[in-house]
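Enquirer: the following comprises the amino acid sequence and a computationally predicted model.
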Amino acid sequence: MELNVEKGKELSAEKAVRRILTRENGRRGDEAGLFLISKAGLLQEAQSYIRGSRLILGILSMVLIAAGLMNYLNMMVTGLWSRQREFALMEGVGMTRRQLCGMLVIEGLYYCLLTAGLMLTAGSGILFLVHLYMKAKLAYFTFTCPWAVFGVMILVLACICVCVPLAVSRKTGRTGLAKRLAQSN
């Protein structure tokens, strides 16, 4: 038998069901007895497993995020360094440093927007599939979408996408235009 109880009344309902089960099991004697399995009980039994899983998955997530950020930083810096000749030519035909920096910031924000779009669509879809799988496997499983984590990750990514191009541009801007054009040949 399955019972659904209103929030806040779980404890009193469980006590009442346990009294009924104790009375019925006492009446049956040696015959197979009845027992109670509650989601709250299952959740309480699994708390240490859940804490350990959260710790392991949190550490794994941080490692993957760090690896992804390092890969992204490497890609951005390498891409900007390899485009130095292009930037020097643009400056040679009249583009100002400010316009170049603006272009690089817009490119960075475009990368951020693309990544955020993928994270919010494909990432949310994958999370939803994991939610369905876990809900089918564990009776006590509850899911809340990590919107705050998504927001923080998008803000950090936006900061990186803006700061890295500006830093590389500032670093290369110290060299004169003629020298940069000569070095790129």
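Expert: Right, received. Where do you want to start? Residues are numbered from 1 along each chain as shown.
Enquirer: show me the helices in this protein, by range?
Expert: 10-28, 39-45, 47-82, 84-92, 97-118, 124-137, 147-173, 177-184 (DSSP state H).
Enquirer: rank these by pLDDT, which is bottom?
Expert: For the helices of the chain, the weakest mean pLDDT is recorded on helix 177-184, namely a mean of 62.
Enquirer: adding mean neighbour count and distance to Asn4, write the helices of the chain out as CSV.
Expert: Where C-beta positions appear, they are placed from N, C-alpha and C, glycine not excepted. Output for the helices of the chain, formatted as CSV (neighbours: other C-beta atoms under 10 Å; distance: least, C-beta to C-beta, whole Å):
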stretch, mean neighbour count, distance to Asn4
helix 10-28, 12, 10
helix 39-45, 13, 10
helix 47-82, 12, 23
helix 84-92, 16, 64
helix 97-118, 15, 38
helix 124-137, 11, 16
helix 147-173, 15, 28
helix 177-184, 13, 70
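Enquirer: and stretch 78-90, how far out from the chain's middle?
Expert: 32 Å (C-alpha atoms, centre = their mean, to the nearest Å).
Enquirer: stretch 60-78 now?
Expert: The answer for stretch 60-78 is 14 Å, by C-alpha atoms, centre = their mean.
Enquirer: likewise for stretch 11-18?
Expert: Worked out by C-alpha atoms, centre = their mean, stretch 11-18 lies 39 Å from the chain centre.
Enquirer: skip the chain neighbours and tell me the closest residue to Met153.
Expert: Excluding the flanking residues, the one nearest Met153 by C-beta to C-beta, 6 or more residues apart in numbering is Met119, at 7.1 Å.
Enquirer: wait, that neighbour sits on Gly151?
Expert: No - between Met119 and Gly151 there is no contact under C-beta atoms under 8 Å: 10.7 Å.
Enquirer: find the residues that touch each one of these two.
Expert: Common contacts of Met119 and Gly151 (C-beta atoms under 8 Å, 6 or more residues apart in numbering): none found.
Enquirer: how far away is Cys161 from Ser169?
Expert: 13 Å (C-beta to C-beta, to the nearest Å).
Enquirer: mind listing what the residue nearest to Met153 touches?
Expert: Phe150, Met153, Ile154.
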